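Undergrad: next one to model:
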Amino acid sequence: MPEMNLSLLDAMRRWVDAQVASGRYSDPSDYLKELIRRDRELQERREALGRALDEGEASGISERSLARVWADVKARHGVDA
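TA: You can find the predicted model right below:
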């Protein structure tokens with residue numbers, strides 16, 4: 001696997017070391033890979049939300065009431081009212 005060198009401020013390095021010392025991560029690389037995975041997932045969610053907002057805006061004005069819209073969303077996702 002290709003390596004990457006990373007320079008951190010002392011405070012950041014102490015934070016990474018503390019995360020590893022907590023036992024949750026095996027080494028600094030494991031911690032940083034987890035941060036990158038989380039960041040990628042967050043960006044994917046943001047992009048999906050942006051697409052959903054664009055789609056909603058393009059669909060025009062609904063004739064349903066806000067209460068009806070929420071009821072439909074809850075029903076679609078199996079959420080009790």
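Undergrad: make it CA atoms for all contacts and neighbour counts henceforth
TA: OK.
Undergrad: in the chain, which residue sits furthest out from the middle?
TA: Ranked by distance from the centre of the chain (C-alpha atoms, centre = their mean), the top residue is residue 63, with 32.4 Å.
Undergrad: can you give me the distance of that residue to residue 46?
TA: 27 Å (C-alpha to C-alpha, to the nearest Å).
Undergrad: how about the residue farthest from the centre of the chain, secondary structure?
TA: At residue 63 the chain is in coil, as set by DSSP: H, G, I helix; E, B strand; the rest coil.
Undergrad: this structure: helices as residue ranges?
TA: Taking DSSP state H as the criterion, the chain carries its helices at 10-21, 28-58, 66-76.
Undergrad: just list what the second one packs against, helices and strands only.
TA: Right, helix 28-58. Packing partners of helix 28-58 (3 or more C-alpha pairs under 8 Å, 6 or more residues apart in numbering; DSSP states H and E): helix 10-21.
Undergrad: neighbouring contacts of the helix it packs on?
TA: Helix 10-21 is contacted by residues 25-28, 31 when judged by C-alpha atoms under 8 Å, 6 or more residues apart in numbering.
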